[in-house]
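> let's see this in three dimensions:
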Amino acid sequence: MTVSSFLLLVDSRPQPNIRRLSEQSMPDELLTISQIAQLTNRTVDTVRYWRLHGNGPTTFRSNGRVYARRSDVLAWLEAQAKPEDVRGGI
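Residues are numbered from 1 along each chain as shown. A predicted model of the protein is given here:
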């Protein structure tokens, strides 16, 4: 085996999903409104709208700031996936 073929083999191995590992290691990390927006791929205004109308993930106020537990946000995201939205098969 040549060095170049070895390097090609090493580069083609599946890499661990770093984001998933970090989510598993700190499930109750506190997230700010802007972090919730990043995680859900929405704007901060949308997250505030959800909070105002009680549609989004569970949040709470501490020392004048709004937080959500990462595990609550991930659970809320999972609950948003409707069976008809999931595509599979042929």
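> residue contacts, residue 33?
Contacts were defined as C-beta atoms under 8 Å, 6 or more residues apart in numbering; by that measure residue 33 touches 44, 47, 48, 51, 59, 66. For glycine as for every other residue, the C-beta is placed from the backbone atoms N, C-alpha and C.
> so the second one, which of the three states?
Classification of residue 47 using DSSP: H, G, I helix; E, B strand; the rest coil returns helix.
> so for it, what's the pLDDT?
If you check residue 47, the pLDDT there is 96.
> kindly give a single ChimeraX line that selects the buried subset of the contacts of residue 33.
To isolate the buried ones among the contacts of residue 33 in ChimeraX, judged by 16 or more other C-beta atoms under 10 Å, type:
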select :47,48,51,59
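> mind putting the contacts of residue 33 in CSV, distance to residue 38 included?
Converted to CSV, those look like this (distance: C-beta to C-beta, whole Å):
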residue, distance to residue 38
44, 9
47, 10
48, 14
51, 16
59, 15
66, 15
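> could you give the average pLDDT over the helix or strand where residue 38 lies?
Here residue 38, judged by DSSP states H and E, is contained in helix 33-40. Mean per-residue pLDDT for helix 33-40: 96.
> same check on stretch 58-71?
Taken as a whole, stretch 58-71 carries a mean pLDDT of 95.
> in that stretch, what counts as buried?
The neighbour-count criterion (16+ other C-beta under 10 Å) identifies 59, 67, 68, 69, 70 as the buried residues of stretch 58-71.
> rebuild the residues you listed as CSV, extending it with secondary structure and distance to residue 33.
Rendered in CSV, the data for the buried residues of stretch 58-71 read as follows (DSSP: H, G, I helix; E, B strand; the rest coil; distance: C-beta to C-beta, whole Å):
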residue, secondary structure, distance to residue 33
59, coil, 8
67, strand, 8
68, strand, 8
69, strand, 13
70, helix, 13
